[in-house]
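Novice: curious how this folds, go ahead:
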Amino acid sequence: MRKIVLFNLTSLDGYFEGANGDISWHHVDEEFNEFAIAQLKTADTLLFGRKTYELMEGYWPTEEAIKNDPVVAGLMNGHDKIVFSKSLKKAGWHHTRLINENLLDEVKKLKSMPGKDVLIFGSADLSSSLIEHNLIDEFRVMINPVILGNGIPLFKNITTKIGLQLLKTKVFGNGNVLFIYITKK
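Specialist: Sure thing, here's the model as predicted:
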C-alpha cells in the first residue's frame, strides 16, 4: 500500500505562509535542494489543492525553473499530479488530473494502488481534510528558524486530537529542522 506523505515548511510559530501568502522566509539552499530531490525520488505522484497547484504550475514548467533547478524541475514536471478543486475548470500542467468531487474516495483508491509514495506540498485545506479522515500516513514538517507572528497555520481547521510518533529528525546547516512523524496506531 502506498503512503500519503505531507511535507511542509513552517515557521516556529506554526505558519506555512506568512501574511499575504509570503514564503520569502523559507530557508532553501543546496542542502535543502538535495533533500528535496531525494524526497521527490521516493514518490511518483503529487497531490495539490487549487492554490498550491496554480503556484507550482506557474513555476516548475517554465524555462526559468528548468534552467535554475533542472533536477527538481524534471521530477516535478515528470511526476503524475492530481489537483483537487471544485472551482478549477482545467489543469494544463503535463501529467495532471483534475478531480472535482469524491476527494476521500479518490485518495483511498490512490493509496491502494501500486506505486511509490504520494506527496502533498502546501495545500493546507486539502491536507486538513485528509488529516481529519486519517488518510495521511507520514508528516514531514520542516521548521524554519523564524517567528512570523501571523499567517496561515499549517494545521488549520483540525478539530480532533491526533497522536503522532516521532520517527526521525534532521538538523540542516541553515537552521531548518525536519521532523518526521507517523500517526499513532
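
Novice: quick one, what contacts the spatially most central residue of the chain?
Specialist: Closest residue to the average C-alpha location of the chain: residue 121 at 1.3 Å, with C-alpha atoms, centre = their mean. Residues near residue 121 by C-beta atoms under 8 Å, 6 or more residues apart in numbering: 7-8, 46, 48, 52, 56. All C-beta atoms are positioned from the backbone trio N, CA, C, and that covers glycine.

Novice: dump those residues into TSV; add secondary structure and pLDDT as well.
Specialist: Shown next, in TSV, are those (DSSP: H, G, I helix; E, B strand; the rest coil; pLDDT from 0 to 100):
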residue	secondary structure	pLDDT
7	strand	97
8	strand	95
46	strand	98
48	strand	96
52	helix	92
56	helix	94
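
Novice: distance between the ends of stretch 14-24?
Specialist: Counting by C-alpha to C-alpha, to the nearest Å, you get 16 Å between the two ends of stretch 14-24.

Novice: what's in contact with it?
Specialist: For stretch 14-24, the external contacting residues (C-beta under 8 Å, 6+ apart) are 8-11, 25, 122, 124, 148, 150-155.

Novice: now, which of those residues lie within strands?
Specialist: Secondary structure defined by DSSP state E assigns 8-11, 152-153 of the contacts of stretch 14-24 to strands.

Novice: in JSON lines: those residues, plus distance to residue 113 and neighbour count.
Specialist: Formatted as JSON lines, the ones in strands among the contacts of stretch 14-24 follow (distance: C-beta to C-beta, whole Å; neighbours: other C-beta atoms under 10 Å):
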{"residue": "8", "distance to residue 113": "24", "neighbour count": "18"}
{"residue": "9", "distance to residue 113": "28", "neighbour count": "23"}
{"residue": "10", "distance to residue 113": "30", "neighbour count": "21"}
{"residue": "11", "distance to residue 113": "35", "neighbour count": "22"}
{"residue": "152", "distance to residue 113": "31", "neighbour count": "17"}
{"residue": "153", "distance to residue 113": "31", "neighbour count": "17"}
